[in-house]
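Chemist: Fold the following and give me the result.
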Amino acid sequence: MPFRSLLMPLRLFGLQPAGRMIESRTMNPIVHRYGEIVRKALEFMRSRHGTKTSVKEIAAFVSVSQPHLRRIFRTVTGKAILPNLHDVQMEHARTLLRQTAMNIGEIAFAAGFEDPSSFARLFRRSEGTSPTTFRKALQAPTEHAAGATPILPAGKTRLLFSDDFSSGTLTDHWQPLLGIWTQSEGRISTSGSGNSTLRLASPLPENFRMDFDIMLAHERDYLLRLFLCDDQEPIDRPYCTVQIRKPATLPGALRIGTRTMVSGPQASLPAGGWHSIRTELNDNTVTFTMDGKRIFLVRDLFPPLYSSRSRFAISISSNDISIRNFRLQDLGFMTVVPAVRQGDALFNSGLFDQARDFYLRRLQPDLAADEEMELRFKIGMCLFRKHEPDQCRKWIESILHRTPDPYWARECNILLLRLDEQANDFDVFVRKAKKLARDPLILDGIRPIISGYKWDLLAAAFHERAIQLDNLSIAIDKGQPAIVARFREQLTQTLKHMKHLAEAERQLKLLTRPGGPSVQIRHDAFISLSDVYILQGKMQKARQAIESVRRLGETGYLPWCTSQQAACLLSERRYGEAVDRFLSIRKDFPKATNWHPGADMQAATILCCLGKTKAADRLAKRADDTSLEALLGNEYQFGRYQFLRFMVARRYKDLAKAILEHARSDARLLAIRAKDAVTAGILLELSGSRDEAVKIWEETQRRFTPDRCYFWGQFARALATGKADNLESVQLTYQVRSGLFYLTGLLHEHRGNKAKAAQLFSLSLKEDPTMRWPAMLSERKLATT
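Modeler: Next up is the predicted model:
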């Protein structure tokens, strides 16, 4: 079942984690969750080269407790955290030994070791030799061992490996990572139409050309991906990915580093016939060709270490493939690496001062124009990564004044747009993005910047600005209907949550029309349309939209239909029927196990709000706690049901402590962290700790200034000073507004202002027609006053 289906319960219950778009994958939710935590932790370690890093800092970055992080690392990697940190430091040290002239002491500190002697001791333990001997061995000419493949000079080509798949069994050249792969009749094939991944066992040459033929088995939707990746990293976190998919109206994509290129409908593979595929990497350029037509060509300005792209893998989702005539050619190895690559190695290691100094030293009067522009641009990138925006802007603008080369002009303009994004000058950003979008060759560069800025705005609760950027994306990609459909789908979610319901309905109807870009998009659009109708109180239309999903015939969406039916009943305040409908998912769809915990917890939430806590607790216990933690994102480290349970039991101080720990952790999702801090303060005052609450609100005001995060800093100040607050006009999502009204109502009730409390409870109930727990508890409050 596609991983997207795991997100269906999250989206229904308003629990989908914030942040950038989650890519489709199939994986045990617990494995995926823990793997993501380890990946983020390792990325944090790598970003801190040259800085002493503690387990406490790593745990805070990934928003889990230190004991839990230790358990996760042992589960995923088989080792404790510190050995993993030493591995990261050692990897960086080996890079610097290979590619720089830094002395051993400088490398020790640059890699994050406390002193050169500790580094030398750990290096010898890891490599079996000293750092100095290791470097000399790299530099010394050696004879090839018997049977070893000699280094091929650049510009020469030789066939390194071929496989005609003529034997009856899969050879050791290939490693199946997922799914069933069989070999016969001159081909290797998958079976089961599920999700399958295959990796080439041997590492790739430094520069290579890879050819093979591929055939799809069925005329149905699919997602085909080719990876260049690190043998030590998960397949789904590669250096480079080529993605081809059906429907053909959905664009193919190539992702390399932070750059994404999008192709048109020509990147498609009709089923039933063989298609030739060629992937080539030569120095810092990747080329992808299909049936003799070049689909992608992208240049990586800061090519990484060979190890990070030394492996090839291929995966197929929702279809079966056959592969034949595999050929791998070695395009040669540059025995003299271009000098600029030493600077690139420093840059990729986070040593931006050293990289900039290196590039500056390379600037000579007799350089070719392209070499000079490359060095100048990379100096600007060092300033950008060092967070020196004013210097960076001046430097890049000076390059624009001197270069006639359109390639470097585009790269400079892309970097200037990133500076505008960082400055958070929204109007200037929109104006420049519109102007740059007139050049079709620059779209691949600015598209991810606009998308990233939008997600950052959403994370800081600037929802109205995010809507403007979605509309901008739709406008600049109007010639790409598939891309427009994706942006329109994202736009409708924000419109819905901000209760711009008429516009959301209009946009969703465009996506539900027959002949659209994807059956999946039509499914999702009908589900979202039913949400909009529920918010509008148009229950008959909501049920018609749900029935439209059923008629499309995709069985994976049937549990979602049942959940939407339960949502209709909940909105109509037919609480008992809503509980029964949620619980029917486990019985009616026994194989849809990813739905069972969420449906049980939704039923438990309703029962808890009705005061039936024993029955609610039984359902919560039945839900697999570990799976639920992975599935729901574990907002408060012990789940949303427990949050509600503590609220109902008035265990305000315990709840405040847990939320406050979360609020002071990872600061990337600003609005969520700010809301957590404000909520913790309210709960502390409700528990009788007014002074503690005021301190937290004052801290929140300092941390979350109006330019960084919408509303919450100012609201914290209003709570601390006791001044009036005009909550009705706040531009937040309806779920957040409903919860805010309820909690603030409790606070005013605690302060003795019962009239204001009743007004806020009424607002909470009115704000959320879907009757999530704040609205339900507000309804109970109003019934008892």
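Chemist: which residue ranges form the helices in the stretch 301-450 of the chain?
Modeler: Taking DSSP state H, counting those that start in this stretch as the test, the helices found in the stretch 301-450 of the chain are 340-348, 352-362, 369-385, 389-402, 406-423, 426-436, 443-459.
Chemist: low-confidence ranges in the stretch 501-650 of the chain?
Modeler: When residues are selected by pLDDT under 70, those of the stretch 501-650 of the chain lie in 516-517, 624-639.
Chemist: try 50
Modeler: Regions of the stretch 501-650 of the chain meeting the criterion pLDDT under 50 cover residues 626-638.
Chemist: How about the chain?
Modeler: Counting by pLDDT under 50, the chain contains low-confidence residues at 1-31, 141-150, 335-336, 626-638.
Chemist: thinking again about what came up before, could you dump the helices of the stretch 301-450 of the chain to CSV with mean neighbour count and distance to residue 54?
Modeler: Just so you know, the C-beta spots here come from the backbone N, C-alpha and C atoms, and that holds for glycine as well. Converted to CSV, the helices of the stretch 301-450 of the chain look like this (neighbours: other CB atoms under 10 Å; distance: least, CB to CB, whole Å):
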stretch, mean neighbour count, distance to residue 54
helix 340-348, 22, 24
helix 352-362, 18, 23
helix 369-385, 20, 23
helix 389-402, 15, 29
helix 406-423, 18, 28
helix 426-436, 16, 37
helix 443-459, 20, 26
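Chemist: wait, which of these is closest to residue 773?
Modeler: helix 443-459 (22.8 Å; CB to CB).
Chemist: quick one, the closest one and helix 426-436 angle?
Modeler: Put simply, helix 443-459 runs at 160 degrees to helix 426-436, going by axes from the mean of the first three to the mean of the last three CA atoms, to 10 degrees.
Chemist: Moving C-terminal from helix 443-459, which element do we reach first?
Modeler: The helix or strand immediately downstream of helix 443-459 is helix 463-476, counting by DSSP states H and E.
Chemist: distance between that following helix and the chain's centre?
Modeler: In terms of CA atoms, centre = their mean, to the nearest Å, the centre of helix 463-476 is found 20 Å from the chain centre.
Chemist: Flag every buried residue along it.
Modeler: For helix 463-476, the neighbour count (16 or more other CB atoms under 10 Å) marks 463, 465, 466, 467, 469, 470, 472, 473, 474, 476 as buried.
Chemist: what's the closest of those to residue 357?
Modeler: Nearest to residue 357 among these, counting by CB to CB, is residue 469 at 37.2 Å.
Chemist: Find the nearest non-adjacent residue to the closest one, please.
Modeler: Of all residues not flanking residue 469 in the chain, residue 454 sits nearest, at 4.2 Å (CB to CB, 6 or more residues apart in numbering).
Chemist: OK, contacts around the one you found?
Modeler: Neighbouring residues of residue 454 by CB atoms under 8 Å, 6 or more residues apart in numbering: 466, 469, 470, 473, 490.
Chemist: Turn these into CSV, including distance to residue 426.
Modeler: Listed next are the contacts of residue 454 as CSV, based on distance: CB to CB, whole Å:
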residue, distance to residue 426
466, 10
469, 9
470, 14
473, 15
490, 18
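Chemist: Closest one to residue 503 out of the residues you listed, please.
Modeler: The nearest member of these to residue 503, counting by CB to CB, is residue 470 at 11.2 Å.
Chemist: tell me the contacts of residue 769?
Modeler: Taking CB under 8 Å, 6+ apart as the test, what residue 769 contacts is 534, 535, 537, 571, 775.
Chemist: wait, what's in contact with the residue nearest to the last one when sequence neighbours are not counted?
Modeler: The reference is to residue 775. Excluding its sequence neighbours, the residue lying closest to residue 775 (CB to CB, 6+ apart) is residue 768, at 4.1 Å. By CB under 8 Å, 6+ apart, the contact set of residue 768 is 734, 735, 737, 738, 774, 775.
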